[in-house]
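Enquirer: sequence first, predicted coordinates after that:
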Amino acid sequence: MSCVFVTGSTGNVGSEVVRALRARNITVRAADRDPSRVHALFGDDVEAVKFDYRDPTTFAAARGADGLFLLRPPAIADVKETLLPFVAEARRGGVKHVVFLSVAGAGKNKLVPHHAVEQFLARTSGWTTLRPGFFAQNFGDAYRRDIIEDARVYVPAGRGRVAFVDVRDIAEVAAMVFASPSVHDGHAYTLTGPEAVDFRSAAVLLTDILGRAIRYDAASLIGYVLHLRARGMPWPQVGVQTLLHAGLRFGQAERVDPTLGRLLGRRPRSLAEYMQDHRATWEVRPAASVTSTGAATCLPGGADR
């Protein structure tokens, strides 16, 4: 690919995809509702363009790109009126290969919006689907405020274990696909981290890395719902996040898949490596400065800003 159009380019996953593409000297057209955010993050290293799934007049921004990194924002559920028309327009504008950030299990789960996108792409050629599980970056986003303010990880996951995957590894795979699209054409890859870790163990890791005690409180479903609402989260987002974490109790994200390591040619980054690399994320600051960039931005489903 000579030029890749990256949706969600200033979010957790999209920004890492931009960096991974630039590391391979692939030209990037970085899309955002506000192009100034792209400039703030990447300077003049990439082309910044205005793009909004809900505004078809912005779809033309993808014309001339031959690659598309497709990501579904968490606020968009109706993909048939947004993502699918955009992909069709991008194809007409010259896009030859689409890398879609889906979610583990989406191939069979018709309830998640990603399923419809996968089915749409499957009727064409020139696509690769990435199906990650829970992101390690959740600890720096969805769980960050609780860790900083209350010195705890608070989710209704019980003793469930999770094969947390680092978005940097996902981005590396995406860039790899764009570098050799024919090799990966028509493939759907389930991507997980190298080991399954429960939240109590994750809290111990944070304790060791930060040098202060972080505990895991296994929330009840009702307690978690009330907690998220008290944080100001909208009801639809509360429901999704609660159900996702409740499913962890039954092993829905504990399976370690070898695909990521095979694609990378190395062991994927562990949760401990992510935490060590980002320890400054959990520095204790005045309460007024502690914010979340969006509690669901790193949850499964390719959620991102």
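Expert: Happy to help now that I have it.
Enquirer: what segments of this protein are helices?
Expert: 12-23, 35-42, 83-92, 113-122, 144-150, 167-179, 181-184, 199-210, 221-230, 235-248, 259-264, 271-277 (DSSP state H).
Enquirer: redo those helices as TSV? Include distance to Ala136, mean pLDDT and mean neighbour count.
Expert: In short, each C-beta sits where N, CA and C put it, glycine included. Converted to TSV, the helices of the chain look like this (distance: least, C-beta to C-beta, whole Å; pLDDT from 0 to 100; neighbours: other C-beta atoms under 10 Å):
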stretch	distance to Ala136	mean pLDDT	mean neighbour count
helix 12-23	10	97	22
helix 35-42	20	97	17
helix 83-92	26	98	18
helix 113-122	20	96	19
helix 144-150	12	97	17
helix 167-179	7	98	23
helix 181-184	23	98	15
helix 199-210	9	98	18
helix 221-230	20	97	15
helix 235-248	14	88	18
helix 259-264	12	98	18
helix 271-277	4	98	19
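Enquirer: pLDDT score assigned to Ala77?
Expert: We have a pLDDT of 86 for Ala77.
Enquirer: got a list of what the closest residue to it other than its chain neighbours touches?
Expert: Once flanking residues are discounted, Ala77 sits nearest to Pro113: 5.3 Å by C-beta to C-beta, 6 or more residues apart in numbering. By C-beta atoms under 8 Å, 6 or more residues apart in numbering, the residues touching Pro113 are Arg72, Ile76, Ala77, Asp78, Val79, Gly301.
Enquirer: just flag the most distant two among those residues.
Expert: Asp78 and Gly301 (14.4 Å; C-beta to C-beta).
Enquirer: among the two, which residue is more densely surrounded?
Expert: Gly301 (21 against 12; other C-beta atoms under 10 Å).
Enquirer: the domain parsing of this structure - what is it?
Expert: 3-134+165-191, 136-163+193-254+269-289 (automatic domain parsing).
Enquirer: tell me which residues touch the closest residue to Val6 other than its chain neighbours, please.
Expert: Spatial nearest neighbour of Val6, chain neighbours left out: Phe69 (4.5 Å); criterion: C-beta to C-beta, 6+ apart. Phe69 sits next to Val4, Phe5, Val6, Thr7, Gly8, Gly14, Val17, Val99, Leu101, Ala174, Phe178 when contact means C-beta under 8 Å, 6+ apart.
Enquirer: can we see that at 6 Å?
Expert: For Phe69, the contacting residues are Val6, Val17, Val99, by C-beta atoms under 6 Å, 6 or more residues apart in numbering.
Enquirer: ok, and the closest non-adjacent residue to Ala23?
Expert: Ala175 (7.0 Å).
Enquirer: any idea how far Thr124 is from the one you found?
Expert: Per C-beta to C-beta, to the nearest Å, Ala175 is found 22 Å from Thr124.
Enquirer: before we move on, what about Asp52?
Expert: Asp52 sits 24 Å away from Thr124, going by C-beta to C-beta.
Enquirer: higher neighbour count, those two?
Expert: Comparing Asp52 with Thr124 by other C-beta under 10 Å, the one with more neighbours is Asp52, at 17 against 12.
Enquirer: show the model's pLDDT score for Gly105.
Expert: pLDDT, read off for Gly105, is 89.
Enquirer: what sits against it?
Expert: Gly105 touches nothing, counting by C-beta under 6 Å, 6+ apart.
Enquirer: quick one, phi/psi of it?
Expert: Backbone torsions for Gly105, taken as degrees, to the nearest 10, come to phi 90, psi 0.
Enquirer: how near is it to Glu149?
Expert: According to C-beta to C-beta, Gly105 and Glu149 sit 33 Å apart.
Enquirer: then Pro132?
Expert: Counting by C-beta to C-beta - Pro132 and Glu149 are separated by 28 Å.
Enquirer: same check, this time on Glu195
Expert: Using C-beta to C-beta, Glu195 is found at 28 Å from Glu149.
Enquirer: same question, Gly265
Expert: 40 Å.
Enquirer: go on, Ala203?
Expert: Distance of Ala203 to Glu149, computed by C-beta to C-beta: 15 Å.
Enquirer: OK, contacts around the closest residue to His187 other than its chain neighbours?
Expert: Spatially, and ignoring its direct neighbours in sequence, His187 is nearest to Thr128 (5.5 Å; C-beta to C-beta, 6+ apart). Neighbour list for Thr128: Val99, Val177, His184, His187 [criterion: C-beta under 6 Å, 6+ apart].
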